[in-house]
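Student: The sequence and its predicted three-dimensional model are supplied below.
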Amino acid sequence: MFEFDQYLGFLAFLTILTIGFWLMIFLLTFVVPYWLIGNIRELLKEKRDKKRAAREA
């Protein structure tokens, strides 16, 4: 059915596919929300600092 080199190629394909799948899961569940929450926090902090500076001036 398969020769040995075809079998190794198929295993390499499955490995790369699996790594890509788990990388996408990791990015979508951890990295992207972490990045968004951090940016929103910084934006709110900048707005708060601007309001404080305007009140004091």
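Tutor: Looks like it came in fine.
Student: alpha carbons only for contacts and neighbour counts from here, please
Tutor: Noted.
Student: quick one: pLDDT of Met1?
Tutor: pLDDT recorded at Met1 is 78.
Student: Lys45 sits in which helix or strand?
Tutor: Assigned by DSSP states H and E, Lys45 belongs to helix 32-56.
Student: just Leu8 next, same as before
Tutor: helix 4-26.
Student: With just CA atoms, put that helix into PDB.
Tutor: In PDB, the C-alpha atoms belonging to helix 4-26 read as follows (Å, rounded to 0.1, in the frame of the first residue of the first chain):
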ATOM      1  CA  PHE A   4       8.400   3.600   3.700                       C
ATOM      2  CA  ASP A   5       9.200   7.100   2.400                       C
ATOM      3  CA  GLN A   6       5.500   7.800   1.700                       C
ATOM      4  CA  TYR A   7       4.700   6.600   5.200                       C
ATOM      5  CA  LEU A   8       7.300   9.100   6.600                       C
ATOM      6  CA  GLY A   9       5.900  11.900   4.500                       C
ATOM      7  CA  PHE A  10       2.400  11.100   5.700                       C
ATOM      8  CA  LEU A  11       3.600  11.100   9.300                       C
ATOM      9  CA  ALA A  12       5.400  14.500   8.800                       C
ATOM     10  CA  PHE A  13       2.200  15.900   7.200                       C
ATOM     11  CA  LEU A  14       0.100  14.800  10.200                       C
ATOM     12  CA  THR A  15       2.600  16.200  12.600                       C
ATOM     13  CA  ILE A  16       2.700  19.600  10.900                       C
ATOM     14  CA  LEU A  17      -1.100  19.600  10.700                       C
ATOM     15  CA  THR A  18      -1.500  18.700  14.400                       C
ATOM     16  CA  ILE A  19       1.100  21.400  15.500                       C
ATOM     17  CA  GLY A  20      -0.700  24.000  13.400                       C
ATOM     18  CA  PHE A  21      -4.100  23.000  14.900                       C
ATOM     19  CA  TRP A  22      -2.900  23.300  18.500                       C
ATOM     20  CA  LEU A  23      -1.000  26.500  17.700                       C
ATOM     21  CA  MET A  24      -4.300  28.100  16.400                       C
ATOM     22  CA  ILE A  25      -6.200  26.900  19.500                       C
ATOM     23  CA  PHE A  26      -3.500  28.400  21.700                       C
END
